[in-house]
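[1] Sequence first, predicted model second:
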Amino acid sequence: MISAWTSGRRRYVDGLWGQVHLREWGFGRSLFLLHQTPWSGVQFHRLAPLLAQTGWRVIAPDTPGYGLSDRPSAPPAIGDYAENMAVVFDRLDVQDAVIAGHHTGALIAAAFAAARPDRTSGLILDNPPFYAAAERTQRLALPHHAHAPEEGGGHFTSRWRFMRGMADPDLSVAGLHLAIIAHHVNDASADHGHAAAYAWDMASAVDAISAPTLVLSSRGDAIHSHGSRLLKCRPDWRGAVLPAGPATALESPEVWRDAVLSFLSALDATSPPIGR
């Protein structure tokens, strides 16, 4: 059995703040998967091979400061993370791609699509946080749970209890173990993703997105309603409801794949083979 950590072809490219670690599966037109905070591309170790089997080159980078990617020199904004993605495109010689993102990754994907419409052939937003201004202020005021290393290893058990209390109840023991390890691989002092997500007003970018877009909403996700909010702003976008919680891509990758397959097939049939 292939380990979650060794799934895919692993490599580094230069980004805005040093090296960006990424994993690749398959061959064909490029499809990027952008992870939630504070995960890394390992979040997609089960989903990515399934998508690759349908004829896509699937690329899952670690957001700078997470996984094995170098940390930013200063706390970035969502737009900075998106600009880093443009550099990664260049390093990989990808002209354009479909970009899918989950939670914070969805915001980075949306910011990229708004700023680089010529490089975005499709967009999949998996439970994107579409907060109103008052909600963003409230989220920014919440305490940050870094669970930094402590003598005796209590940070592992405290993180486990914290995650079990707030994460997807469908998250398996194996999935939760992977989440804990992924968290502690990161530099606790460089955990800027949540603050960037809460500070960014996604509404400022929605009208600038011209790529065909699919919005996924998981019934068990705390921000499930954000999908319908977003679709009210862009009724021309497609929407799909996932029956479980926010860990669908990890725990039920076949469900996630099946939810996006017709959308991807339509893009593959209508778009020229750029970025192969």
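    Nice, I can see it.
[2] residue ranges with poor pLDDT in the protein?
    Within the chain, the stretches with pLDDT under 70 are 1-2, 269-276.
[3] can you give me the helices for it?
    Along the chain, counting by DSSP state H, helices occupy 47-52, 78-91, 104-115, 133-141, 154-166, 173-185, 193-199, 203-206, 224-233, 248-251, 253-270.
[4] and the fifth one, which residues are buried?
    Which is helix 154-166. By 16 or more other C-beta atoms under 10 Å, the buried positions in helix 154-166 come out as 155-156, 159-160, 163. Just so you know, the C-beta spots here come from the backbone N, C-alpha and C atoms, and that holds for glycine as well.
[5] okay if I get those as TSV plus distance to residue 186?
    Listed next are the buried residues of helix 154-166 as TSV, based on distance: C-beta to C-beta, whole Å:
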residue	distance to residue 186
155	12
156	14
159	11
160	16
163	14
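[6] quick check, nearest of the residues you listed to residue 226?
    Minimum distance to residue 226 across these is 21.3 Å, recorded for residue 163 (C-beta to C-beta).
[7] contacting residues around the closest one?
    Contact analysis of residue 163 by C-beta atoms under 8 Å, 6 or more residues apart in numbering lists 171, 176, 179-180.
[8] Of the residues you listed, which is the nearest to residue 41?
    For the contacts of residue 163, the closest approach to residue 41 (C-beta to C-beta) belongs to residue 179, at 13.5 Å.
[9] how deep is that closest one tucked in, by neighbour count?
    When neighbours are defined as other C-beta atoms under 10 Å, residue 179 has 23 of them.
[10] cool, residue 234 as well?
    14.
[11] shouldn't it be in contact with residue 205?
    No: using C-beta atoms under 8 Å, residue 234 makes no contact with residue 205, being 11.0 Å away.
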